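1. Pasting a predicted model and its sequence here:
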Amino acid sequence: MEVDVDVVELLVVSSSLPVVDVVELELLDDELDELELDELELEDELDELDELDALDDDLGGVGGDLETADFGRAHEHYGEIDSTNDRALAWAQEGAPHGALVTADRQRAGRGRRGRTWESPDAGDLYFSVIVRPSFYAGGSPASSWGAYSLAVGVGLREGLSRQLDDLELKWPNDLLWRGRKLGGILCEGRWHGGGLQVIVVGVGINVGRRRFDGPELASKATSVVLARDELAGGEEKKKVGRRPILAALLSALERVTADFAAGGFPALRGRYEPHCRLLGREVVTEGSSRVPALRGVAVGLDEDGALLIAPARGGARQRVEAADVWLATER
Amino acid sequence: MLTYEQIKELIELVGREGLQGVTLERSGFRLHVEGKAPPMTFAAPAPSYPAEPAPPTPAPRPVAAADSEPASAEPAAGSAEELPEDGHILTSPIVGTFYTAPSPDSEPYVGVGDTVSEGQILCIVEAMKLMNEIESEVAGEVLKILPKNGQPVEFGEPLFVIRVR
């Protein structure tokens, strides 16, 4: 490296330090050399860290992190796409293998249940869909019992994220919550033909890196992995979380629960669901419809097929809830 | 008089239990549902029709004229109708909620009279937030859509009648 002596002299003069002789200047030169070397090394290290950060966030390269047999082994990544579920459904029709994965940094038209939207900006969150072929699991549950599969998916997400965050909860049937706020959502879509379940596309959205939610409603009801960690660290802004290791962990957990579900149905997973269900033991209200009246009572457990069991406040036998939206009475 | 729902329940019962048929008779009204899938006959009031033995299984929920809903606009009790020979009944593969459209704001997948192709999505049956898209097994014309939008359906319950082309 070269030190510009003029600059050093200028520096000395302008700093109104005692005049130094040439020998001292040369010493100073050496010290500056060392300092600058240190600085360069530091910069290199920072660059490496940045690169690591970028790699951690690069979903396209998740293959290297996978510990799964099938989930994520076939993979398409998009910077931007309408909906990962739509692409996965189309890919499934084209013959995608069991476990095939579609990821995107941003979704233009992220979908939720029954036409609801899933806000999907390019903000470091996870949007992915996995193609599950029930026929892959020979001798498993009959197709008609896959109705509770989306509850199993909830169990998988909670277990997959538990290394990142404690206190994760499930709101029946399958919302993923942290301290009462929504951290992730699931949209499972199945395709049936001739009485057979051809494929299920498991769509998942997890708020990972987002720090701001648009609109007061989302801001009060949603959270993200980074926001949760900030809160745990007492409001201090912690380092960004890479999405890639999270995705890899989620895929491992999803592969596990899918195999468990295929072998034993929902009863095989009930013990991993109920202890983390936010609704159990608390008073809840269900959404009424023109056909099924609203119900208020205490959520007491889950049935063999995943239905929520409610002991009605008005008394009488336990009621099964299969389809309605359910809230804590205190939050409704 | 039976409601549309009750007749449907009866059809399901026959299908589920694999019965040969069920006949229900009360003053001025007689309904016979024959098992083993098509042909299926909805008989209209025909008091002179020879009575058949009572079904050997638990009869469907007792029907009292007093708590029957007013007859719905759909073809149900009262209008004699036979399933055409080329009629195909598509049943629900799973327990859930029947939806005719992908979302409340969108157009139904199909309507009565529409021509459908094999593999075309006809409806959604939602089971605990698993949205099951049901494809048509046959190509043909939609003759009937049996459940109403948003109605709970059982495993094996008839959803569509399609005239096979």
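-> Here it is on my side, so go on.

2. contacting residues around the most centrally placed residue in chain A?
-> Nearest residue to the geometric centre of chain A (C-alpha atoms, centre = their mean): A:Ile206, 2.9 Å. The neighbours of A:Ile206, taking C-beta atoms under 8 Å, 6 or more residues apart in numbering or on different chains as the test, are A:Asp125, A:Leu126, A:Leu157, A:Leu161, A:Leu176, A:Leu183, A:Gly184, A:Val225, A:Ile246, A:Leu250. C-betas here are computed from N, CA, C, even on glycine.

3. For it, name its beta-bridge partners.
-> A:Leu126, A:Gly184 (DSSP bridges).

4. repeat for B:Val116
-> B:Gly140.

5. my guess is it contacts B:Glu135, does it?
-> No: applying C-beta atoms under 8 Å as the test, B:Val116 and B:Glu135 come out as separate, 9.5 Å apart.

6. Looking at chain A, which residue is nearest chain B?
-> With C-beta to the nearest C-beta as the measure, A:Gly115 is the residue of chain A nearest to chain B, at 2.3 Å.

7. who in chain B is up against chain A?
-> B:91, B:93-97, B:99, B:102-106, B:119, B:126-135, B:137, B:150-152, B:155 (C-beta under 8 Å from any C-beta of the partner chain).

8. Can you flag which of those residues belong to helices?
-> Residues of those located in helices (DSSP state H): none.

9. which among the residues you listed end up buried?
-> Buried members of these, scored by 16 or more other C-beta atoms under 10 Å in any protein chain shown, are B:91, B:93-97, B:99, B:102, B:126-135, B:137, B:150-152, B:155.

10. Please tell me how far A:Asp325 sits from A:Ile206.
-> The gap separating A:Asp325 from A:Ile206 is 21 Å, by C-beta to C-beta, to the nearest Å.

11. correction: A:Pro216
-> 22 Å.

12. Pull up the per-residue confidence for residue 147.
-> Picking chain A for this. If you check A:Gly147, the pLDDT there is 89.

13. To clarify, I was referring to chain B.
-> 96.

14. same deal with A:Ser135?
-> A:Ser135 is assigned a pLDDT of 92 by the prediction.

15. same check, this time on B:Glu9
-> With respect to pLDDT, B:Glu9 has a value of 68.

16. same check, this time on A:Gly203
-> pLDDT at A:Gly203 comes out at 97.

17. quick check, distance from the host helix or strand of it to the centre of its chain.
-> Assigned by DSSP states H and E, A:Gly203 belongs to strand A:196-206. Put simply, strand A:196-206 sits 16 Å off its chain's centre (C-alpha atoms, centre = their mean, to the nearest Å).

18. Leaving out the residues flanking it, which one is nearest to the residue of chain B found nearest chain A?
-> Nearest to chain A, among the residues of chain B, is B:Ser103, at 2.3 Å (C-beta to the nearest C-beta). Leaving aside its sequence neighbours, B:Ser103 sits nearest to A:Gly115 (C-beta to C-beta, 6 or more residues apart in numbering or on different chains; 2.3 Å).

19. what comes into contact with stretch A:271-279?
-> A:151, A:154-155, A:158-159, A:168-172, A:177, A:180, A:257, A:280, A:299, A:301-302, A:308, A:326, A:328.

20. circling back: in strands only, show me the buried ones among the residues of chain B next to chain A.
-> Within those, residues falling in strands by DSSP state E are B:91, B:96-97, B:99, B:126-127, B:130-135, B:152.

21. about what we covered before: what's the local residue count around the residue nearest to B:Ser103?
-> 12 (other C-beta atoms under 10 Å in any protein chain shown).

22. Enumerate the residues of chain A near chain B.
-> So chain A meets chain B at A:113-116, A:143-144, A:146-151, A:173-174, A:186-197, A:200, A:289-292, A:305-307, A:322-323 (C-beta under 8 Å from any C-beta).

23. what do you get if the cut-off is 6 Å, keeping everything else the same?
-> Chain A comes close to chain B at residues A:113-115, A:144, A:147-150, A:173-174, A:188-195, A:306, A:323, as judged by C-beta under 6 Å from any C-beta of the partner chain.
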